[in-house]
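Participant: Give me a 3D structure for the following:
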Amino acid sequence: MSKIKGLVCKECKKTYPAEAVHVCEFCFGPLEVAYNYDQIHTKISKEKILNGPLSLWRYEDLLPIESTPTVGLHTGFTPMVHAKNLGPKLGLDYLYIKNDSVNPPTLSFKDRVVAVALTRAKELGFDTVACASTGNLANSVSANAAEANFKCFVFIPSDLESGKILGNLVYNPRVVAVEGNYDDVNRLCSEIAGEYPWAFVNINLRPYYSEGSKTLAYETAEALNWRAPDHVVVPIASGSLLTKIYKGFHEFERLGLISDLTTQIHGAQALGCSPVATAFKKKSDFIQPVKPDTIAKSLAIGNPADGFYAIKIAQETDGIIESVTDEEIIGGIKLLAENEGIFTETAGGVTVAVLKKLATQGVLKKGASVVAYITGNGLKTQEAIAPAVGAPSLIQPNLASFQQTLKKERQ
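Facilitator: So this is what the prediction gives:
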């Protein structure tokens, strides 16, 4: 018996075979993977996980594949850093940074979801993979497709950061830049997915792809000695990451791997693209789509597919969804770099800025355990931070010139 029962609609609960479909044909609700947890319970254990590979595949029993993993064999199991400098500055004794800015192969959490999606794509017999992306996903699909010998198409907004464009082209996929924002790209890709027999990781393979995000919750609980934290702060683009981190903690609780699950789930958005935060503050079930206008391009989804579910989770866990300005985002990037030596992209700046805001508001208490998820590397978005970090001191190649400069800096 397979651990995968099939797919189930999150709204009407209609079931489907575990194939490349993502939308319910009856109510148009999103589909997600349904598992046979009784079977999984007989196989999974703390000991088995601890003896597993040093990658996300140590949690293979809870991921939607039916054969041996073939993609992302070194992805995941990233550092969780006790922020002993930043924590005290924010009044937090037990602040942890889950650092996916060093996640192989392309330095973002998207490598997790792509590892799962492309492994499943091989199982389903696809030879071409594709995606709609704000940048990090395209980088990951391009790199992993090259290693796994897939044909590859990636579709991106034409105004993407130069580092992320280069991070696609170097792997030699077909890169298609679309004149429009991410929502325009995604709509186009939905049409293309209906015409070509390709595995679009975040369209027809979305139920499998999104499950890779759960591994961030698993690694967090394992790093905390099989405990869930009191609070987590998660960046929101589509909202999928937040929902899957929530699901991951609850699966561990269901299987007896952790207990006393009371984690408050907080979301972070950029003010220039904050439809989820806006709806949360208005206590509304309706998310008004917006046109993104923010430096946090990796979070710039104006019509977030899972925003409704992210709001429900925040409400159910007594969490908060906050937004921050571009100026605060840059401040968050600098705050993390200057205190913990971690250079994050703009999405991480959003997370840290919201973390700071929640600490200042007293939502996060001194003795509480808090985990902030840093999802991408700052080397990809250097142009966003460059104007705010100054320039090096220019001196002549002699001691006197250095001493003169040093004297001026001390005055």
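Participant: Contacts only, for residue 74.
Facilitator: Counting by C-beta atoms under 8 Å, 6 or more residues apart in numbering, residue 74 touches 55, 104, 105. (Glycine included, C-beta is placed from N, CA and C.)
Participant: same deal with residue 278?
Facilitator: Residues counted as contacts of residue 278 (C-beta under 8 Å, 6+ apart) are 287, 288, 290, 323.
Participant: Arrange the residues you listed in CSV, one row each, with secondary structure and distance to residue 23 as further columns.
Facilitator: CSV is the format used below for these (DSSP: H, G, I helix; E, B strand; the rest coil; distance: C-beta to C-beta, whole Å):
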residue, secondary structure, distance to residue 23
287, coil, 18
288, coil, 22
290, coil, 23
323, strand, 29
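Participant: Just the buried residues out of the contacts of residue 74, in PyMOL syntax.
Facilitator: A single PyMOL command is used to select the members of the contacts of residue 74 judged buried by 16 or more other C-beta atoms under 10 Å:
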select buried, resi 55+105
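Participant: Nearest to residue 371 among the contacts of residue 74?
Facilitator: residue 55 (19.9 Å; C-beta to C-beta).
Participant: Check the spacing between that closest one and residue 182 real quick.
Facilitator: Separation of residue 55 from residue 182 (C-beta to C-beta, to the nearest Å) stands at 29 Å.
Participant: Got the domain ranges for the protein?
Facilitator: Annotated domains of the chain cover 1-42, 80-106+211-388 [automatic domain parsing].
Participant: Most tightly packed of these?
Facilitator: domain 80-106+211-388 (a mean of 21; mean count of other C-beta atoms under 10 Å).
Participant: how close does residue 5 sit to residue 240?
Facilitator: Between residue 5 and residue 240 the computed distance is 21 Å (C-beta to C-beta).
Participant: C-terminal to the host helix or strand of residue 186, what's the next element?
Facilitator: Using DSSP states H and E, residue 186 maps to helix 182-195. Once the chain leaves helix 182-195, the next helix or strand it forms, by DSSP H and E, is strand 199-200.
Participant: what's the following helix or strand after that following strand?
Facilitator: Using DSSP H and E, the helix or strand that follows strand 199-200 in sequence is helix 206-209.
Participant: list the helices and strands the helix or strand just after that following helix packs on?
Facilitator: Under the assignment DSSP H and E, the closest C-terminal helix or strand after helix 206-209 is helix 214-223. Contacts defined by 3 or more C-beta pairs under 8 Å, 6 or more residues apart in numbering; DSSP states H and E place helix 214-223 against helix 46-50, strand 80-82, strand 94-99, helix 240-254.
Participant: Output the ones you listed in a markdown table, with mean pLDDT appended to each entry.
Facilitator: Listed next are the helices and strands packed on helix 214-223 as a markdown table, based on pLDDT from 0 to 100:
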| stretch | mean pLDDT |
| --- | --- |
| helix 46-50 | 98 |
| strand 80-82 | 98 |
| strand 94-99 | 98 |
| helix 240-254 | 98 |
